[in-house]
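K.L.:
Below: sequence and its predicted model.
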Amino acid sequence: MRILLTGSAGFIGTAIGRTTLADGGHDLVRVDVMLPAAHRIARPPADTHVLDVRDAASTSAWRDVLQGVDVVCHQAAVVGAGVTTADLPLYAGHNDLGTAALLAAASEAGVRRLVLASSMVVYGEGAYTCPAHGPVTPAPRSVEALTAGHFEVLCPLCGEALASDLVDESAPLAPRNAYAASKVAQEHYAAAWARQSGSSVIALRYHNVYGPGMPRDTPYSGVAAMFRSSLERGQAPRVFEDGAQRRDFVHVADVARANAMAVAAVAEAAPGSFVAYNVASGQPVTVADVAAMVAEGARQPIAPVITGEFRLGDVRHVVASPVRAAEELGFRAAVDPRAGLRQFATASLRE
Ligand code: UD1
């Protein structure tokens, strides 16, 4: 198959290109805009078309790269949680306008298959059960509660502490920050495109991706890279809240495999279909445990500190059910986060 890979020079795009699609004997067309915020060294890797997805519907260079493509694997995005409201146009432009333009151009070129990089952030606070009221959808945590050090989410009906459940793909979408809003919009545009043009979409909702090639720390980096960078500076990893917030850390090599499986599956999918899958290890860990594991694996171990700081856009627990991806795509993560996070402590990062 001929596969167009957007975001091909990024952390996840590089892994998809190198370890999966190229090895599978596919014809790979690599596209990346080489955003300075993501690439300190702006020289594009070999065979990369330097193009902006926001221009996809309006330039002949995009028409050329879409020629004869069977599946678009769309990884290009501005990531992170957003720092200030000034970031809103950044997410809306690159992620949403960019996806809409890419979809329009894909239709124009006769492309009917899309694998979309989505995120667990679409779920917002995740899934919870109240001992008295059963499954409930909690409201965002208030500044007052967070400032007072009350980090757990509470039942909207009785105010009691909730137990977090595994989130499956039927959970309501409830974005809590600019990036999350842009990922929800991407999914909705893709689903509309599928219906309108009789195309097929698989959206992969990545959980916390880590591994070799992860960008060094920026305000937009994931927490594993932040912890690692602190250790390399000789500083303790700073764990926000009380460290008991839970996430699912999935290795980038597993994410690359999930994409290869999704590319194969979308080629056989029914016209007009949109299906989302969690891409997760299925083995949740607390953020305090992540800090401890990365610190243990570091060349100069330094004990993490629990700071009690918080970021308003953060959610408390997001732990995924990997069942649908296992049953329908055949995807099961191979890397146990407890081993992978220790190895990550000394893996090479991207400049
Ligand atoms: C992360 C990504 C998001 C991606 C999602 C799923 C970032 C900023 N977020 O979301 O883009 O869609 O995974 O792959 O890349 N924390 C600390 N210390 C720090 C930084 C963060 O304790 O120095 C805490 C945060 O408060 C939070 C947790 O670690 O509780 C995870 O933070 P982070 O990795 O930034 O964001 P996610 O919400 O998990």
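P.N.:
Received, thanks.
K.L.:
Give me the neighbour count for the residue nearest to Glu309 when sequence neighbours are not counted.
P.N.:
Leaving out its chain neighbours, the residue that sits closest to Glu309 by CB to CB, 6 or more residues apart in numbering is Phe240, at 4.8 Å. (C-beta placed from N, C-alpha, C; glycine too.) Close neighbours of Phe240, defined as other CB atoms under 10 Å, add up to 18.
K.L.:
Was I right to think Phe240 contacts Val287?
P.N.:
Yes: between Phe240 and Val287 there is a contact at 7.3 Å, judged by CB atoms under 8 Å.
K.L.:
pLDDT weak spots in this protein?
P.N.:
Across the chain, the ranges flagged by pLDDT under 70 are 19-23, 42, 81-83, 218-220, 351.
K.L.:
Up against the ligand, what does it have?
P.N.:
Within the chain, the positions adjacent to the ligand are 79-81, 119-121, 179, 206-209, 220-223, 226, 238-241, 245, 247, 287, 311, 314 by CB under 6 Å from any ligand atom.
K.L.:
Now the phi/psi pair for Val275, please.
P.N.:
Backbone torsions of Val275, given as degrees, to the nearest 10, read phi -130, psi 140.
K.L.:
which residues sit in contact with it?
P.N.:
Val275 makes contacts with 201-203, 269, 328, as judged by CB atoms under 8 Å, 6 or more residues apart in numbering.
K.L.:
rerun at 10 Å
P.N.:
Taking CB atoms under 10 Å, 6 or more residues apart in numbering, we find Val275 in contact with 169, 191, 194, 200-203, 262, 265-266, 269, 324, 328-329.
K.L.:
From these, which land in helices?
P.N.:
Among the contacts of Val275, DSSP state H puts 191, 194, 262, 265-266, 324 in helices.
K.L.:
Identify, from the residues you listed, the entry nearest to the ligand.
P.N.:
Nearest to the ligand among the ones in helices among the contacts of Val275, counting by CB to the nearest ligand atom, is Ala262 at 16.0 Å.
K.L.:
Could you check how far Ala171 is from Asn278?
P.N.:
Distance, Ala171 to Asn278, using CB to CB, to the nearest Å: 10 Å.
K.L.:
what sits in contact with each of those two?
P.N.:
120, 123, 205, 318, 320-321.
K.L.:
Can I get those in CSV including neighbour count?
P.N.:
As requested, the shared contacts of Ala171 and Asn278 are exported to CSV (neighbours: other CB atoms under 10 Å):
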residue, neighbour count
Met120, 25
Tyr123, 24
Arg205, 25
Val318, 29
Ala320, 30
Ser321, 19
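K.L.:
What remains of the contacts of Val275 if I keep only buried residues?
P.N.:
Using 16 or more other CB atoms under 10 Å as the burial test, the contacts of Val275 include 169, 191, 194, 200-203, 262, 265-266, 269, 324, 329 as buried.
K.L.:
For those, give me CSV that also has distance to Arg338.
P.N.:
CSV is the format used below for those (distance: CB to CB, whole Å):
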residue, distance to Arg338
Glu169, 25
Ala191, 36
Ala194, 38
Ser200, 36
Val201, 33
Ile202, 29
Ala203, 28
Ala262, 26
Ala265, 29
Val266, 32
Ala269, 34
Arg324, 24
Leu329, 24
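K.L.:
Of all residues in the stretch 51-200 of the chain, which one is closest to the ligand?
P.N.:
Ser119 (3.4 Å).
K.L.:
what's the burial count for that residue?
P.N.:
Using other CB under 10 Å, Ser119 has 25 neighbouring residues.
K.L.:
so what's the residue lying closest to Met293 once chain neighbours are set aside up against?
P.N.:
What sits nearest to Met293 in space, not counting adjacent residues and going by CB to CB, 6+ apart, is Leu341, at 4.1 Å. Contacts for Leu341 (CB under 10 Å, 6+ apart) come out as 210-211, 224, 227-228, 249, 251, 285, 289-297, 335.
K.L.:
Among the residues you listed, which are located in helices?
P.N.:
Those of these lying in helices (DSSP H): 224, 227-228, 289-297.
K.L.:
how about those residues, which pair is most distant?
P.N.:
The span of those, defined through CB to CB, is set by Arg228 and Asp289 at 14.9 Å.
K.L.:
Comparing the two, which shows the higher neighbour count?
P.N.:
Per other CB under 10 Å, whichever of Arg228 and Asp289 has more neighbours is Arg228, with 26 against 20.
K.L.:
coming back round to it: just read off the phi/psi values of the residue of the stretch 51-200 of the chain closest to the ligand.
P.N.:
Main-chain dihedrals, Ser119, degrees, to the nearest 10: phi -150, psi 150.
K.L.:
ok so, going back, what helix or strand is the residue nearest to Met293 on?
P.N.:
Assigned by DSSP states H and E, Leu341 falls within helix 337-344.
K.L.:
does the residue nearest to Arg18 when sequence neighbours are not counted sit in a helix, a strand or a coil?
P.N.:
Nearest non-adjacent residue to Arg18, counting by CB to CB, 6+ apart: Ala256, 7.9 Å away. Assigned by DSSP: H, G, I helix; E, B strand; the rest coil, the conformation of Ala256 is helix.
K.L.:
check contacts around the closest residue to Ala100 other than its chain neighbours.
P.N.:
In space, and not counting its chain neighbours, Ala100 is closest to Tyr189: 5.3 Å by CB to CB, 6+ apart. Residues near Tyr189 by CB under 10 Å, 6+ apart: 95-97, 99-100, 102-104, 116, 201.
K.L.:
By neighbour count, which of the residues you listed wins?
P.N.:
Per-residue neighbour counts (other CB under 10 Å) across the contacts of Tyr189 peak at Leu102, which has 30 neighbours.
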